[in-house]
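Engineer: need coordinates for the below:
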Amino acid sequence: MWQFLREYLSAPNTIGAIAPSSRHLAASMTTSIDFDKARCIVEYGAGTGVFTRDVAARKRPDTTYIVIEQNDRFYEILRKQFHGMPGVTLIHGDAGNVCGFLREQGFRHADYIISGLPFTSLPQQASHRILLQTQKAIGREGVFITFQYTLLRKTFLENYFNIHKIVRVWRNLPPAYVLHMKLKRRHAKQSSSGGAAGRKY
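Structural biologist: Next comes the predicted model:
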């Protein structure tokens, strides 16, 4: 808790929260993941690993789970928890490079991308770059799931994705909205030559 608060105070635009996500928010973020079928799952901004622990515990042993964290201290926390765990690839880097990270693991697309990034407070240029990469990364069939504390960026997100469902999670500090999204149809057609979600090279 104090570690998270310290990081928030040092970089509020990129951390976006004063406390780690609750288990209730983690449950809402992962409830729609089909763990029996998912071959590749990606997480942006894993923080202290609340979502990461849930996904790592529930995924199939042969599912590739790519966890991306840019913050130095949070990456070290994640490394201590998950380094060497089968099927979990920790990346100290930028979510805006997700397509390259997928290629390094032998995938064109991810089946699911879950995100803890604060698009409300991130600079718009950084958000734009990450969301453009996410469009390519999920392809026609993948699902992008993110949580936000307000819906101020809902219209902004709709420039990139169709929002299929919004769930309000009250038991979190602060309460959050979980948005489930898929690629807009016109972008899906452009990605049709790239193969199905989760398909390896």
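Engineer: what's the mean pLDDT across stretch 152-161?
Structural biologist: Stretch 152-161 carries an average pLDDT of 95.
Engineer: and that stretch, how far from the chain's centre?
Structural biologist: Put simply, stretch 152-161 sits 16 Å off its chain's centre (CA atoms, centre = their mean, to the nearest Å).
Engineer: now the end-to-end length of that stretch.
Structural biologist: This stretch, stretch 152-161, spans 15 Å end to end (CA to CA, to the nearest Å).
Engineer: now do it: everything it contacts.
Structural biologist: Here stretch 152-161 makes contact (CB atoms under 8 Å, 6 or more residues apart in numbering) with 119-120, 124, 127, 131-132, 134-135, 144, 146, 163, 179, 181-184, 187. For every residue, glycine as well, the C-beta is placed using N, CA and C.
Engineer: mind listing what's buried along stretch 88-106?
Structural biologist: Within stretch 88-106, the residues scored as buried using 16 or more other CB atoms under 10 Å are 88, 90, 91, 94, 95, 96, 98, 99, 101, 102, 105.
Engineer: and those as a markdown table, adding distance to residue 168 and secondary structure?
Structural biologist: Below are the buried residues of stretch 88-106 laid out as a markdown table (distance: CB to CB, whole Å; DSSP: H, G, I helix; E, B strand; the rest coil):
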| residue | distance to residue 168 | secondary structure |
| --- | --- | --- |
| 88 | 30 | strand |
| 90 | 31 | strand |
| 91 | 31 | strand |
| 94 | 30 | coil |
| 95 | 25 | helix |
| 96 | 28 | helix |
| 98 | 27 | helix |
| 99 | 31 | helix |
| 101 | 31 | helix |
| 102 | 31 | helix |
| 105 | 34 | coil |
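Engineer: show me the two of these that sit farthest apart.
Structural biologist: Across those, the longest distance by CB to CB is 21.1 Å; it joins 88 and 96.
Engineer: ok, so of the buried residues of stretch 88-106, who is nearest residue 172?
Structural biologist: Nearest to residue 172 among those, counting by CB to CB, is residue 95 at 21.5 Å.
Engineer: any low-confidence regions in this structure?
Structural biologist: Filtered on pLDDT under 70, the chain yields the residue ranges 1-19, 186-201.
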